[in-house]
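Asks: the sequence and its predicted three-dimensional model are supplied below.
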Amino acid sequence: MKVFSDKIIRWYHQNKRDLPWRNTQNPYFIWLSEIIMQQTRVEQGMPYYLAFVKAFPAVKYLAKAPNDRIMKMWQGLGYYSRARNLHTTAKIIQEKHNGVFPKSFDEVIKLKGIGEYTAAAIVSFAYNQPHAVVDGNVYRVLARVFGIKTPIDSSKGKKDFLKLANELIDKKNAGIYNQAIMEFGAIQCKPLNPNCSNCVLQAMCYAFETKQINELPIKEKKTKVRNRYFNYVVLKNKNETLIKKRTEKDIWVNLFDFPLIETAKKISLDDFFNSAEWEKMIGKNKYVVKKVSGEYKHILSHQKIFACFYEVEVSASLSKIKINNGLVVPIKSLSKQAVPRLIDKFLEENQL
Ligand code: SF4
(Lines give C-alpha, C1' and ligand atoms only; values in the text may rest on other atoms or scores of the structure.)
Protein backbone atom coordinates (compact mmCIF):
# COMPACT_ATOMS: atom_id res chain seq x y z
CA MET A 1 0.00 0.00 0.00
CA LYS A 2 1.89 2.98 -1.33
CA VAL A 3 0.08 5.59 0.72
CA PHE A 4 1.19 3.84 3.94
CA SER A 5 4.86 3.61 2.98
CA ASP A 6 4.91 7.18 1.61
CA LYS A 7 3.48 8.57 4.83
CA ILE A 8 5.89 6.58 6.99
CA ILE A 9 8.92 7.61 4.92
CA ARG A 10 7.91 11.29 4.92
CA TRP A 11 7.38 11.15 8.67
CA TYR A 12 10.82 9.53 9.08
CA HIS A 13 12.66 12.26 7.20
CA GLN A 14 11.10 14.85 9.48
CA ASN A 15 11.37 13.07 12.80
CA LYS A 16 14.20 10.53 12.83
CA ARG A 17 16.81 10.58 15.55
CA ASP A 18 20.35 11.11 14.42
CA LEU A 19 22.01 7.82 15.37
CA PRO A 20 25.56 6.92 14.33
CA TRP A 21 24.61 3.65 12.61
CA ARG A 22 22.13 5.52 10.44
CA ASN A 23 24.94 7.34 8.66
CA THR A 24 26.55 4.25 7.23
CA GLN A 25 25.87 1.57 4.66
CA ASN A 26 28.72 -0.55 5.89
CA PRO A 27 27.12 -3.96 6.63
CA TYR A 28 29.65 -4.67 9.38
CA PHE A 29 28.68 -1.54 11.35
CA ILE A 30 24.98 -2.20 10.69
CA TRP A 31 25.36 -5.75 11.96
CA LEU A 32 27.23 -4.56 15.07
CA SER A 33 24.55 -1.99 15.85
CA GLU A 34 21.72 -4.48 15.31
CA ILE A 35 23.24 -7.08 17.63
CA ILE A 36 24.07 -4.52 20.32
CA MET A 37 20.64 -2.91 20.14
CA GLN A 38 18.65 -6.16 20.48
CA GLN A 39 16.71 -5.98 23.76
CA THR A 40 18.58 -2.78 24.58
CA ARG A 41 17.58 0.87 24.82
CA VAL A 42 19.38 3.25 22.45
CA GLU A 43 20.86 5.30 25.31
CA GLN A 44 22.24 2.17 26.91
CA GLY A 45 23.59 0.60 23.72
CA MET A 46 25.11 3.69 22.12
CA PRO A 47 28.37 3.82 24.19
CA TYR A 48 28.90 0.10 23.51
CA TYR A 49 28.42 0.59 19.78
CA LEU A 50 30.88 3.49 19.73
CA ALA A 51 33.43 1.52 21.78
CA PHE A 52 33.20 -1.52 19.48
CA VAL A 53 33.53 0.55 16.31
CA LYS A 54 36.56 2.31 17.77
CA ALA A 55 38.25 -0.86 19.02
CA PHE A 56 37.37 -2.97 15.96
CA PRO A 57 36.98 -0.69 12.92
CA ALA A 58 36.71 -3.69 10.56
CA VAL A 59 35.53 -7.26 10.94
CA LYS A 60 39.11 -8.60 10.85
CA TYR A 61 39.98 -6.83 14.13
CA LEU A 62 36.92 -8.26 15.85
CA ALA A 63 37.74 -11.73 14.51
CA LYS A 64 41.29 -11.56 15.88
CA ALA A 65 40.41 -10.18 19.33
CA PRO A 66 40.62 -12.49 22.35
CA ASN A 67 37.17 -13.64 23.49
CA ASP A 68 37.78 -12.41 27.05
CA ARG A 69 38.30 -8.87 25.74
CA ILE A 70 35.01 -8.95 23.86
CA MET A 71 33.17 -10.31 26.89
CA LYS A 72 34.71 -7.60 29.06
CA MET A 73 33.63 -4.90 26.61
CA TRP A 74 30.14 -6.40 26.54
CA GLN A 75 29.88 -6.35 30.34
CA GLY A 76 26.66 -4.71 31.51
CA LEU A 77 24.74 -5.22 28.26
CA GLY A 78 23.35 -8.64 29.21
CA TYR A 79 22.27 -11.47 26.88
CA TYR A 80 25.89 -12.55 26.57
CA SER A 81 25.22 -15.16 23.90
CA ARG A 82 25.03 -12.17 21.54
CA ALA A 83 28.68 -11.36 22.26
CA ARG A 84 29.79 -14.95 21.78
CA ASN A 85 27.88 -15.23 18.49
CA LEU A 86 29.27 -11.88 17.37
CA HIS A 87 32.80 -13.19 17.82
CA THR A 88 32.07 -16.55 16.14
CA THR A 89 30.46 -14.81 13.18
CA ALA A 90 33.33 -12.34 12.81
CA LYS A 91 35.75 -15.28 12.59
CA ILE A 92 33.57 -17.02 9.99
CA ILE A 93 33.35 -13.86 7.86
CA GLN A 94 37.10 -13.42 8.13
CA GLU A 95 37.96 -17.03 7.31
CA LYS A 96 35.23 -18.11 4.89
CA HIS A 97 34.37 -14.81 3.21
CA ASN A 98 37.82 -13.14 3.23
CA GLY A 99 36.61 -10.49 5.65
CA VAL A 100 33.85 -9.32 3.31
CA PHE A 101 30.32 -9.34 4.69
CA PRO A 102 28.11 -11.60 2.53
CA LYS A 103 25.52 -9.82 0.40
CA SER A 104 22.68 -12.23 -0.10
CA PHE A 105 19.92 -12.68 2.47
CA ASP A 106 20.31 -16.48 2.30
CA GLU A 107 23.99 -16.29 3.14
CA VAL A 108 23.59 -13.64 5.84
CA ILE A 109 20.89 -15.62 7.65
CA LYS A 110 23.18 -18.64 7.86
CA LEU A 111 25.58 -16.71 10.11
CA LYS A 112 25.46 -17.44 13.82
CA GLY A 113 23.28 -15.12 15.89
CA ILE A 114 21.55 -13.69 12.82
CA GLY A 115 17.86 -14.46 12.47
CA GLU A 116 15.26 -13.38 9.97
CA TYR A 117 14.92 -9.89 11.44
CA THR A 118 18.66 -9.08 11.59
CA ALA A 119 19.33 -10.52 8.13
CA ALA A 120 16.54 -8.35 6.67
CA ALA A 121 17.90 -5.29 8.48
CA ILE A 122 21.44 -5.85 7.19
CA VAL A 123 20.62 -6.49 3.53
CA SER A 124 18.02 -3.74 3.35
CA PHE A 125 20.00 -1.03 5.18
CA ALA A 126 23.31 -1.85 3.50
CA TYR A 127 22.23 -2.97 0.04
CA ASN A 128 18.62 -1.71 -0.22
CA GLN A 129 17.31 -5.24 -0.85
CA PRO A 130 13.53 -5.54 -0.40
CA HIS A 131 13.34 -7.73 2.71
CA ALA A 132 10.92 -6.41 5.33
CA VAL A 133 12.06 -6.22 8.94
CA VAL A 134 9.57 -7.27 11.58
CA ASP A 135 10.62 -6.41 15.12
CA GLY A 136 8.48 -5.50 18.15
CA ASN A 137 8.01 -1.97 16.83
CA VAL A 138 6.81 -3.17 13.45
CA TYR A 139 4.41 -5.71 14.98
CA ARG A 140 2.85 -2.93 17.03
CA VAL A 141 2.44 -0.47 14.17
CA LEU A 142 0.98 -3.05 11.79
CA ALA A 143 -1.34 -4.58 14.40
CA ARG A 144 -2.72 -1.18 15.33
CA VAL A 145 -3.00 0.40 11.89
CA PHE A 146 -4.42 -2.68 10.15
CA GLY A 147 -6.30 -4.13 13.14
CA ILE A 148 -4.57 -7.51 13.09
CA LYS A 149 -5.59 -9.65 16.03
CA THR A 150 -3.53 -12.77 15.38
CA PRO A 151 -1.14 -13.13 18.35
CA ILE A 152 2.31 -11.86 17.40
CA ASP A 153 4.01 -14.73 19.24
CA SER A 154 2.09 -17.48 17.39
CA SER A 155 3.53 -19.10 14.29
CA LYS A 156 0.51 -17.96 12.27
CA GLY A 157 0.97 -14.42 13.56
CA LYS A 158 4.64 -14.39 12.61
CA LYS A 159 3.79 -15.59 9.10
CA ASP A 160 0.90 -13.16 8.61
CA PHE A 161 2.80 -10.12 9.84
CA LEU A 162 5.84 -10.96 7.73
CA LYS A 163 3.65 -11.38 4.65
CA LEU A 164 1.92 -8.05 5.21
CA ALA A 165 5.24 -6.30 5.93
CA ASN A 166 6.65 -7.61 2.66
CA GLU A 167 3.58 -6.41 0.77
CA LEU A 168 3.88 -2.94 2.28
CA ILE A 169 7.60 -2.44 1.72
CA ASP A 170 8.63 0.30 -0.71
CA LYS A 171 10.81 -1.83 -2.99
CA LYS A 172 12.81 1.12 -4.33
CA ASN A 173 13.52 2.48 -0.85
CA ALA A 174 13.56 -0.73 1.16
CA GLY A 175 16.30 0.35 3.58
CA ILE A 176 14.75 3.71 4.37
CA TYR A 177 11.25 2.24 4.61
CA ASN A 178 12.39 -0.42 7.10
CA GLN A 179 14.18 2.13 9.23
CA ALA A 180 11.19 4.43 9.01
CA ILE A 181 8.61 1.93 10.29
CA MET A 182 10.89 0.82 13.12
CA GLU A 183 11.53 4.41 14.15
CA PHE A 184 7.83 5.20 13.90
CA GLY A 185 7.10 2.37 16.34
CA ALA A 186 9.92 3.43 18.64
CA ILE A 187 9.08 7.10 19.06
CA GLN A 188 5.56 7.72 17.69
CA CYS A 189 3.44 4.58 18.04
CA LYS A 190 4.95 3.61 21.40
CA PRO A 191 3.64 0.72 23.52
CA LEU A 192 2.22 3.10 26.13
CA ASN A 193 0.81 6.53 25.37
CA PRO A 194 1.35 6.63 21.58
CA ASN A 195 1.16 10.13 20.13
CA CYS A 196 -2.18 9.56 18.36
CA SER A 197 -3.33 13.16 18.51
CA ASN A 198 -0.52 14.20 16.20
CA CYS A 199 -0.08 11.18 13.91
CA VAL A 200 0.19 10.99 10.13
CA LEU A 201 -1.52 7.58 10.14
CA GLN A 202 -4.44 8.56 12.37
CA ALA A 203 -7.00 8.68 9.53
CA MET A 204 -6.21 5.13 8.46
CA CYS A 205 -5.55 3.63 11.91
CA TYR A 206 -7.92 0.85 12.97
CA ALA A 207 -6.88 0.94 16.64
CA PHE A 208 -7.42 4.70 16.85
CA GLU A 209 -10.81 4.57 15.20
CA THR A 210 -12.07 1.66 17.29
CA LYS A 211 -10.35 2.75 20.52
CA GLN A 212 -8.29 -0.46 20.80
CA ILE A 213 -4.84 1.04 21.10
CA ASN A 214 -4.13 -0.61 24.43
CA GLU A 215 -5.41 -3.98 23.23
CA LEU A 216 -3.16 -4.26 20.17
CA PRO A 217 -0.90 -6.04 19.44
CA ILE A 218 -2.10 -9.28 21.04
CA LYS A 219 0.29 -11.71 22.71
CA GLU A 220 -0.59 -15.32 23.38
CA LYS A 221 1.79 -16.44 26.08
CA LYS A 222 3.03 -14.81 29.19
CA THR A 223 6.74 -15.26 29.80
CA LYS A 224 7.32 -17.68 32.65
CA VAL A 225 9.83 -16.41 35.17
CA ARG A 226 11.87 -18.82 37.30
CA ASN A 227 13.17 -17.82 40.72
CA ARG A 228 16.75 -18.88 41.52
CA TYR A 229 18.70 -18.57 44.76
CA PHE A 230 22.44 -17.98 44.41
CA ASN A 231 24.75 -18.23 47.41
CA TYR A 232 28.12 -16.81 46.40
CA VAL A 233 31.20 -17.41 48.51
CA VAL A 234 33.84 -14.72 48.27
CA LEU A 235 36.83 -16.61 49.58
CA LYS A 236 39.83 -14.57 50.65
CA ASN A 237 43.36 -15.44 51.61
CA LYS A 238 45.95 -12.68 51.92
CA ASN A 239 45.22 -10.46 48.95
CA GLU A 240 43.75 -13.15 46.76
CA THR A 241 40.32 -14.48 45.94
CA LEU A 242 38.92 -17.41 43.96
CA ILE A 243 36.78 -16.92 40.88
CA LYS A 244 35.54 -19.35 38.26
CA LYS A 245 34.67 -19.25 34.61
CA ARG A 246 31.09 -20.22 33.85
CA THR A 247 31.16 -22.91 31.20
CA GLU A 248 27.95 -24.82 31.95
CA LYS A 249 24.94 -24.51 29.66
CA ASP A 250 23.33 -21.75 31.66
CA ILE A 251 23.27 -17.96 31.85
CA TRP A 252 26.52 -15.96 31.59
CA VAL A 253 28.64 -18.52 29.72
CA ASN A 254 32.35 -17.50 29.59
CA LEU A 255 31.95 -14.83 32.27
CA PHE A 256 33.59 -15.09 35.67
CA ASP A 257 31.81 -15.25 39.00
CA PHE A 258 32.57 -16.47 42.51
CA PRO A 259 32.18 -20.05 43.76
CA LEU A 260 28.47 -20.61 43.82
CA ILE A 261 26.09 -22.87 45.64
CA GLU A 262 22.60 -22.66 44.24
CA THR A 263 19.73 -23.69 46.48
CA ALA A 264 16.07 -24.38 45.76
CA LYS A 265 14.98 -21.65 48.19
CA LYS A 266 16.38 -19.00 50.48
CA ILE A 267 18.64 -20.55 53.08
CA SER A 268 19.73 -19.36 56.53
CA LEU A 269 23.35 -18.64 57.38
CA ASP A 270 23.56 -21.69 59.65
CA ASP A 271 21.97 -24.00 57.11
CA PHE A 272 24.32 -22.74 54.44
CA PHE A 273 27.53 -23.29 56.43
CA ASN A 274 26.31 -26.70 57.59
CA SER A 275 25.35 -27.82 54.09
CA ALA A 276 27.08 -30.77 52.44
CA GLU A 277 27.86 -28.59 49.38
CA TRP A 278 29.76 -26.05 51.48
CA GLU A 279 31.61 -28.75 53.41
CA LYS A 280 32.63 -30.35 50.16
CA MET A 281 33.88 -27.04 48.79
CA ILE A 282 35.88 -25.92 51.85
CA GLY A 283 37.17 -29.42 52.77
CA LYS A 284 39.40 -29.41 55.87
CA ASN A 285 40.50 -25.79 55.47
CA LYS A 286 39.92 -23.46 58.40
CA TYR A 287 37.79 -20.39 57.79
CA VAL A 288 36.05 -17.42 59.37
CA VAL A 289 32.87 -15.84 57.99
CA LYS A 290 33.68 -12.11 57.83
CA LYS A 291 30.63 -10.57 56.25
CA VAL A 292 27.25 -11.51 54.82
CA SER A 293 25.63 -9.23 52.27
CA GLY A 294 21.99 -8.31 52.07
CA GLU A 295 19.90 -9.78 49.27
CA TYR A 296 20.70 -8.75 45.70
CA LYS A 297 17.78 -9.10 43.33
CA HIS A 298 18.73 -9.42 39.67
CA ILE A 299 16.08 -9.71 36.99
CA LEU A 300 16.65 -11.38 33.64
CA SER A 301 14.04 -12.00 30.96
CA HIS A 302 13.12 -15.50 32.19
CA GLN A 303 14.73 -15.63 35.60
CA LYS A 304 14.71 -13.72 38.84
CA ILE A 305 17.91 -14.23 40.81
CA PHE A 306 18.11 -13.70 44.56
CA ALA A 307 21.77 -13.59 45.49
CA CYS A 308 23.66 -13.45 48.76
CA PHE A 309 27.44 -13.01 49.09
CA TYR A 310 29.35 -14.58 51.99
CA GLU A 311 32.82 -13.14 52.53
CA VAL A 312 34.96 -15.85 54.05
CA GLU A 313 38.58 -15.61 55.18
CA VAL A 314 40.43 -18.88 54.62
CA SER A 315 43.67 -19.64 56.45
CA ALA A 316 45.20 -21.80 53.72
CA SER A 317 46.13 -20.88 50.16
CA LEU A 318 43.05 -20.75 47.93
CA SER A 319 44.74 -23.04 45.41
CA LYS A 320 43.86 -25.86 47.83
CA ILE A 321 40.16 -25.32 47.16
CA LYS A 322 39.15 -27.27 44.11
CA ILE A 323 36.22 -26.06 42.07
CA ASN A 324 35.54 -26.46 38.35
CA ASN A 325 37.35 -23.83 36.25
CA GLY A 326 38.59 -22.08 39.39
CA LEU A 327 41.17 -19.34 39.15
CA VAL A 328 43.00 -17.69 42.06
CA VAL A 329 43.47 -13.98 41.32
CA PRO A 330 44.66 -10.90 43.23
CA ILE A 331 41.62 -9.07 44.60
CA LYS A 332 42.76 -5.84 42.99
CA SER A 333 42.69 -7.39 39.52
CA LEU A 334 39.02 -8.40 39.80
CA SER A 335 37.93 -5.32 37.88
CA LYS A 336 39.79 -6.59 34.80
CA GLN A 337 37.69 -9.75 34.54
CA ALA A 338 34.50 -9.99 32.50
CA VAL A 339 31.80 -10.55 35.08
CA PRO A 340 27.97 -10.49 35.00
CA ARG A 341 26.29 -7.25 36.03
CA LEU A 342 25.22 -8.83 39.34
CA ILE A 343 28.85 -9.45 40.36
CA ASP A 344 29.89 -6.05 39.08
CA LYS A 345 27.23 -4.42 41.25
CA PHE A 346 28.40 -6.34 44.31
CA LEU A 347 32.02 -5.26 43.63
CA GLU A 348 30.98 -1.66 43.17
CA GLU A 349 29.19 -1.62 46.51
CA ASN A 350 31.69 -3.57 48.57
CA GLN A 351 35.34 -3.06 49.37
CA LEU A 352 36.92 -6.52 49.43
S1 SF4 B 1 -2.97 6.83 15.54
FE2 SF4 B 1 -1.95 6.16 17.39
S3 SF4 B 1 -2.08 3.94 17.38
FE4 SF4 B 1 -2.52 4.68 15.30
S5 SF4 B 1 -0.54 4.65 14.25
FE6 SF4 B 1 -0.81 6.68 15.06
S7 SF4 B 1 0.23 6.61 17.06
FE8 SF4 B 1 -0.12 4.48 16.44
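Replies: Happy to help now that I have it.
Asks: look up how far the ligand lies from the residue lying closest to residue 162 once chain neighbours are set aside.
Replies: The spatial neighbour of residue 162 that comes closest, neighbours along the chain excluded (CB to CB, 6 or more residues apart in numbering), is residue 134 at 5.4 Å. Every residue, glycine included, has its C-beta placed from N, CA and C. Distance from residue 134 to the ligand, counting by CB to the nearest ligand atom, to the nearest Å: 16 Å.
Asks: any idea which helix is longest in the protein?
Replies: Using DSSP state H, we find that the single longest helix of the chain is helix 81-96.
Asks: just give the number of residues close to residue 41.
Replies: For residue 41, the number of neighbouring residues by other CB atoms under 10 Å comes to 9.
Asks: ditto for residue 285
Replies: 16.
Asks: what's the burial count for the nearest residue to it once chain neighbours are set aside?
Replies: Nearest-residue entry for residue 285: residue 316, 4.7 Å, with adjacent residues in sequence omitted and distances by CB to CB, 6+ apart. Residues lying near residue 316 (other CB under 10 Å) number 14.
Asks: dump the residue contacts of residue 316.
Replies: 237, 285, 286 (CB atoms under 8 Å, 6 or more residues apart in numbering).
Asks: so which of those residues would you say is closest to residue 110?
Replies: Using CB to CB, residue 237 comes nearest to residue 110 of those, at 48.9 Å.
Asks: who does that closest one form a beta bridge with?
Replies: residue 240 (DSSP bridges).
Asks: mind listing what's buried in whichever strand or helix holds residue 277?
Replies: Secondary structure here is read from DSSP states H and E; on that basis residue 277 sits in helix 276-282. By neighbour count with 16 or more other CB atoms under 10 Å, helix 276-282 contains the buried residues 278, 281, 282.
Asks: then stretch 320-332?
Replies: Neighbour-count burial for stretch 320-332 flags 321, 323, 329 (criterion: 16+ other CB under 10 Å).
Asks: and what of stretch 73-87?
Replies: Within stretch 73-87, the residues that count as buried by 16+ other CB under 10 Å are 73, 74, 75, 77, 78, 80, 82, 83, 84, 86, 87.
Asks: and if you look at stretch 158-167?
Replies: Counting neighbours by 16+ other CB under 10 Å, the buried set in stretch 158-167 is 158, 161, 162, 164, 165.
Asks: ok, the fourth one - contacts?
Replies: Taking CB under 8 Å, 6+ apart, we find residue 164 in contact with 142, 146, 148.
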